[in-house]
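**Student:** Model the following, please.
(one chain, ligands or ions: 1)
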Amino acid sequence: MKILFIFCFFQIPTEEIKAKLLEKEFKKTYSERIDTTFDILHYFIEIYLLPQNHFLSGKNKIRFKSLTSSLETLRLNLKNMNVDSILRNGVPQNYIYTDSTLRIILSPPLNLNDSTEVEVFYKGFPNGGLYFKDSIIYADNEPFRAKRWIPLYDLPSDKALLDMSIKIPIGYKIIANGLKIDSILQGNEIIYKFKEKYPIANYLIVFASSPYFVNVKDSFVYGNYNMPIYNLVFPQDTNLAKDKFQRISWMLEYFSNTFLIYPFIEEKYAHVHAPIGGAMENQTNTFINVHANWGPDWDWVVAHELSHQWFGDLVTCKTWKDIWLNEGFASYCEALWFSERDGENAYHNYMNGMMQYYINNEPYPPFPIYDPPYLFHFAVVYRKGASVLHMLRHVVGDSIFFEAMKTYLQTFSYSSAITEDFREVFESVSGQNLWWFFNEWVYLPGHPKYEFSWNYDSISQNLFKVNLNIYQVQDTQYNVPIYKMPIDIWIISEQDTFKEVVWDSLKQQNFEIYVSKKPIDLLFDPENWILKEVQEIALNEKISFHKNLFKIYFFKGDILIEYFDDKPLVAKMEIFDVSGRNLFSKFLNFSSSKSHYKLNKKFNPGIYFINLKPFLKKKMILFYKFQNF
Ligand SMILES: [Zn+2]
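**Tutor:** This next block holds a predicted model:
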């Protein structure tokens, strides 16, 4: 959900555009207390709207089951409304309504596994949740605003069936979750009845109504199904809707094939224009502000919201701490969609953009994906969340990844899940313990900053030993870990590319890789499967015939050079800035192994080019904090 906007010039919108659209960070100030004493089974909501007055009166009949031996109180949520009465089997019940909590005293208490119904009659002027704006009446709930217009249980952990009827003046077009099953004329008003036959989380319960809506019809044919697709917009936006939503049935087919059949196939899918701050994946209805500037290609947001029907609506995050199960997954589905539409390169380009966005916008101090202090933090929850799936895919392999994604959806269909549920599915499908992965990427903050150096020894004409040193130099304050990750290393020779995977897990680690052709280059995670920063730091084979002769370090403004040979040696050191300005030039005498040389000049962190003639020619080095010295 949550998307606000600026313009985009590119085929695939830049991360900045999405950030503007999405960066509606919700500062978490609530505490989540899942009530395990009851289970809501069914909401029967009746709303009577006076559009001119922005007023509603309503009733919610709630069928629920006791999960405890004697349920004495049903704790619901309702905010800024007036409660007229509460009945159980026609008998008034006592209740305590304070702030946003409505406690219904059940008399007599409800026995374990018994179910009953209460009817809450209420009215008022909704302050949020339900909006009257730009000739449209619409709901927008996530995460906690449903209670501002409906008395209900306001956490995503407990889904229920839904019947909803809306009474509204004649002339209003209307759409809600599920299907319209009836309409009854009453004087100058009509009661529209909707049924959502699939369980729904409270924050996805919506309707939208306007006298000006027109429907741009579409359909999704899949197997024996022919499901209607609605696009409800203002008349002047019909061409826009036809254009921007033109690939929706292709997307439905793609996600149905990739995951499970569209979860609400017996109902519908709809785009509904609403003047919200972006787009919102309400069950069977995506509300989207078609007047927001989504860039020239809307597919990223169209795919994002559609994929939420699986990740968010079919399987809902059980607590808001697990919000990445909604948003990280829908963000990842953007990249999957571009792989379907434009090919594998587009997938990688899109993922590179998402990862770079995270790197550029990582909060300081960093915080984890799990239980973020800002619920809809775009960099952490959306972009790093998507990157975690991208990495997990590479760790377990494509076939296991997609099988596990399917199993996750099947296991928790029409229900809700926590991060540990997701991890357990991946562990059981892959047969691997993945705690290490989830711990470092989901439960701990940050990302790795790698530095590496390499050289090789010629063992024989057909055997070369590559020595690879990998350093993790990220600041490990704030619980940022040292990462364990399989890293793809490609060793390039003139004729071949040797592909190896090294399992790096230490602050400093050395690897030996044997290849049969003389190496000319070494690529570190060349396909960018890891969310990271990486820098090649030291000298390589190109400038030393046998081993690394030098290592160059940058520490608190000083450049330090370490020499690794016993033979005395003279070299001319030159340092240039990026504009080619010569900042330093001096002959240095290196005499004994393991000796350190410090230049008598301070440097700011940045990018420099270094010559160490005749051994090193114009090597670009990024100097920043290097702690290994
Ligand atoms: Zn979303």
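
**Student:** domains of the protein?
**Tutor:** Annotated domains of the chain cover 1-32+218-446, 38-210, 448-536, 543-629 [automatic domain parsing].

**Student:** Between the two ends of the third one, what distance do you get?
**Tutor:** Between the start and the finish of domain 448-536 there is a gap of 14 Å, counting by Cα to Cα, to the nearest Å.

**Student:** Averaged pLDDT, that domain. What do you get?
**Tutor:** Averaged across domain 448-536, pLDDT comes to 95.

**Student:** related to what we said a few turns ago, single out the most deeply packed of the domains of the chain.
**Tutor:** domain 1-32+218-446 (a mean of 20; mean count of other Cβ atoms under 10 Å). (Glycine included, C-beta is placed from N, CA and C.)

**Student:** where among the domains of the chain is the average confidence lowest?
**Tutor:** In terms of average pLDDT, domain 543-629 trails the rest of the domains of the chain, at a mean of 68.

**Student:** re the thing from before, quick one: which of the domains of the chain is nearest the ion?
**Tutor:** Across the domains of the chain, the ion has its closest neighbour in domain 1-32+218-446 (4.4 Å, Cβ to the ion).

**Student:** centre of the chain versus that closest one, how much separation?
**Tutor:** Counting by Cα atoms, centre = their mean, to the nearest Å, domain 1-32+218-446 is centred 6 Å from the centre of its parent chain.

**Student:** try stretch 98-118
**Tutor:** Relative to its chain's centre, stretch 98-118 lies at 37 Å (Cα atoms, centre = their mean).

**Student:** what does it contact?
**Tutor:** 38, 41, 61-79, 83, 86-89, 93-97, 120, 147, 151, 154 (Cβ atoms under 8 Å, 6 or more residues apart in numbering).

**Student:** mind listing the helices for the stretch 251-400 of the chain?
**Tutor:** With helices called from DSSP state H, counting those that start in this stretch, the stretch 251-400 of the chain shows them at 299-307, 324-342, 344-361, 385-396, 398-411.

**Student:** how about the shortest one, does it reach the ion?
**Tutor:** No. No part of helix 299-307 sits near the ion under the criterion Cβ under 5 Å from the ion; the closest distance found is 5.5 Å.

**Student:** Which elements pack onto that helix?
**Tutor:** When contacts are defined as 3 or more Cβ pairs under 8 Å, 6 or more residues apart in numbering; DSSP states H and E, helix 299-307 packs onto helix 248-258, strand 279-280, strand 285-288, helix 324-342.

**Student:** can I assume Lys180 is in contact with Tyr192?
**Tutor:** Yes. The pair Lys180 and Tyr192 passes the contact test of Cβ atoms under 8 Å, sitting 6.1 Å apart.

**Student:** Could you tell me which residues touch both of these two?
**Tutor:** By Cβ under 8 Å, 6+ apart, Lys180 and Tyr192 have these common neighbours: Ile174.

**Student:** Would it be right to say that Phe194 lies in a helix?
**Tutor:** No. Looking at Phe194 with DSSP: H, G, I helix; E, B strand; the rest coil, it is strand, so not inside a helix.

**Student:** residue contacts, it?
**Tutor:** Residues near Phe194 by Cβ under 8 Å, 6+ apart: Leu162, Asp163, Met164, Ser165, Ile166, Ala176, Asn177, Gly178, Leu179, Lys180, Ile181, Phe207.

**Student:** Quick one: these as JSON lines, columns for secondary structure and distance to the ion too.
**Tutor:** Formatted as JSON lines, these follow (DSSP: H, G, I helix; E, B strand; the rest coil; distance: Cβ to the ion, whole Å):
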{"residue": "Leu162", "secondary structure": "strand", "distance to the ion": "21"}
{"residue": "Asp163", "secondary structure": "strand", "distance to the ion": "27"}
{"residue": "Met164", "secondary structure": "strand", "distance to the ion": "23"}
{"residue": "Ser165", "secondary structure": "strand", "distance to the ion": "29"}
{"residue": "Ile166", "secondary structure": "strand", "distance to the ion": "26"}
{"residue": "Ala176", "secondary structure": "strand", "distance to the ion": "20"}
{"residue": "Asn177", "secondary structure": "coil", "distance to the ion": "17"}
{"residue": "Gly178", "secondary structure": "coil", "distance to the ion": "21"}
{"residue": "Leu179", "secondary structure": "strand", "distance to the ion": "24"}
{"residue": "Lys180", "secondary structure": "strand", "distance to the ion": "26"}
{"residue": "Ile181", "secondary structure": "strand", "distance to the ion": "29"}
{"residue": "Phe207", "secondary structure": "strand", "distance to the ion": "20"}
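
**Student:** Could you tell me how far Ala386 is located from Ser399?
**Tutor:** Distance of Ala386 to Ser399, given as Cβ to Cβ, to the nearest Å: 20 Å.

**Student:** And Thr407, by the same measure?
**Tutor:** When distance is defined by Cβ to Cβ, Thr407 is 12 Å away from Ser399.

**Student:** who does the residue nearest to Gln474 when sequence neighbours are not counted bridge with?
**Tutor:** Distance criterion Cβ to Cβ, 6 or more residues apart in numbering; nearest residue to Gln474, sequence neighbours excluded, is Lys449 at 4.3 Å. Lys449 has these beta-bridge partners by DSSP bridges: Glu533.
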